[in-house]
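[1] Starting from these lines, generate the structure:
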Amino acid sequence: MKTKRKQNRRSRALGWGVAAAAVVAATGAGLMAGREPAAAPEGPPLPEIQVASPVVATVAETRAYPGHVEAVERVEIRPRVAGALTALYFDEGSLVARGELLARVDPRPYAAALAAAEAALAQARAESESATREAERAERLLARRAVAGEEAERRAARAAVAGAAVAAAEAAVERARLDLSFTELRAPIAGRVGRAAVTAGNLVDPATRIATLVAVDPVYVRFDVDEATAARAGRADSWRVAFRPAGAGASIPGEIAILDNEIAAGTGTLRVHARLANADGALRAGTYGQVELTLGERPGALLVDDRAVGTDQGQRYLLVVDAEGKAEYRPVALGALEGALRVVESGLAPSDLVVVNSLMRVRPGARVSPVEVPMAAVAASALPSDLTAVRQEG
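    Coordinates of the predicted model:
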């Protein structure tokens, strides 16, 4: 009996434990059912990046080419007669006027040659006059049949020969006079004379270069244009050109003077000469610089702040934010610089939003929070005075 009562007490205790566990479980389930699930932790905020639409404007269509100055005229000063160089009358590197005396060859031998030629001319004239009188006398005698016809013909021939000798003597005098004048070397053009290649006291001849003389005003600037530009040479009368010497700040305007008559087969370029005024002689032959060639005006050009342009192994690019806020790598071709704005030739649309600062903080494909600002304001300057704005965002 005792054993049976113990079993009953164990059964009741086990039932109470199960019931208590059920109550606790039900209570916990009720509490969990009344509570909302915990929210996931939030990520860092997207970086705010300034973006701007490109400026749409009418700009001058320009090209830049290397070029160098050439003299319009270049003369090597050489004597036309041989002899001893007696004097130089110019300062090396100075400006000289046309016709100015530069050097002199010893004139004495040529003065003597002229005197001898004049004496020979006088003798020939005297003989010609005598022969002419003899021929005239023979003609009168022949009319009276006092002389043979053959004799009259011989005297007439001698008169003709004597007249020819006079002409030859006159030519010899003129040649001697020219040779004497050639002993003075005068500047054939106005310009700047270079270093003297020989000094007084040397023997010179027509093969001897004494100095080089180059014209100063105007001058040529020579440059080569690409074949695509050369194809537009039919409208070259509307081209504008300026030359900026290396190391100089200001450009010098000029005009197209010569377009070559053929494109170089090896390079595919057309040679062009522009004429520039050089009254002060500041531009010297051989000066290198950059030629700025304006072909005309192009409406609807896209411009961005030049600082927004990145370089990746030689490739120029822009970062553009798309509609989803993602940064996109956009390779572009660039044109001329207009103030602080750079012309974009290709790779950009007017509606694109370009990242204009903090390029180092943005990576292609990254999401950003774009803040739109005016492009010209970012450039920290107004549009250039020669740039006609068509539309500007902001």
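[2] Settle this for me: residue 106 is touching residue 87, isn't it.
    No. Applying CB atoms under 8 Å, one finds residue 106 not in contact with residue 87, separated by 9.7 Å. From N, CA and C alone the C-beta is placed, and that goes for glycine too.
[3] which one of the two has more residues nearby?
    residue 106 (17 against 13; other CB atoms under 10 Å).
[4] Quick one: residues contacting that one.
    83-86, 183 (CB atoms under 8 Å, 6 or more residues apart in numbering).
[5] Filter those down to the buried ones.
    Neighbour-count burial (16 or more other CB atoms under 10 Å) applied to the contacts of residue 106 gives 83, 85, 183.
[6] Can you give me the neighbour number for the residue nearest to the first one when sequence neighbours are not counted?
    Nearest-residue entry for residue 83: residue 105, 4.2 Å, with adjacent residues in sequence omitted and distances by CB to CB, 6 or more residues apart in numbering. Close neighbours of residue 105, defined as other CB under 10 Å, add up to 25.
[7] beta partners for residue 105?
    According to DSSP bridges, residue 85 are recorded as the beta-bridge partners of residue 105.
[8] And the average pLDDT for the helix or strand where residue 161 lies is what?
    Counting by DSSP states H and E, the element that carries residue 161 is helix 149-181. Mean pLDDT, computed over helix 149-181, is 90.
[9] Use 695 as the first number from now on
    Shifting the count to begin at 695 puts that one at helix 843-875.
[10] in it, what's buried?
    Neighbour-count burial for helix 843-875, counted by 16+ other CB under 10 Å, picks out 846, 849-850, 852-853, 856-857, 859-860, 863-864, 866-867, 870-871, 873-874.
[11] got it, and stretch 1018-1036?
    1021-1022, 1024, 1026, 1028-1030, 1032-1036.
[12] export these to a markdown table and tack on distance to residue 987?
    Output for those, formatted as a markdown table (distance: CB to CB, whole Å):
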| residue | distance to residue 987 |
| --- | --- |
| 1021 | 36 |
| 1022 | 34 |
| 1024 | 28 |
| 1026 | 22 |
| 1028 | 17 |
| 1029 | 13 |
| 1030 | 11 |
| 1032 | 16 |
| 1033 | 19 |
| 1034 | 22 |
| 1035 | 20 |
| 1036 | 18 |
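[13] hang on, residue 922 is in a strand, isn't it?
    No. Going by DSSP: H, G, I helix; E, B strand; the rest coil, the assignment for residue 922 is helix, not a strand.
[14] That one and residue 996: what is the separation?
    20 Å (CB to CB, to the nearest Å).
[15] between those two, who's got more neighbours?
    Shown here are residue 922 and residue 996; by other CB under 10 Å, residue 996 has more neighbours (25 against 9).
[16] Provide a list of residues in contact with that one.
    Taking CB under 8 Å, 6+ apart as the test, what residue 996 contacts is 748-750, 1037-1038, 1042-1044.
[17] ok, now residue 936?
    By CB under 8 Å, 6+ apart, the contact set of residue 936 is 945-948, 985-986, 988.
[18] Tell me the one among those nearest to residue 1009.
    Checking those against residue 1009 with CB to CB, the nearest one is residue 986 at 25.0 Å.
[19] can I assume residue 774 is in contact with residue 878?
    No. Judged on CB under 8 Å, residue 774 makes no contact with residue 878 at a distance of 10.2 Å.
[20] So which residues of this structure form helices?
    For the chain, the helices defined by DSSP state H occupy 696-727, 802-837, 843-875, 921-924, 1069-1072.
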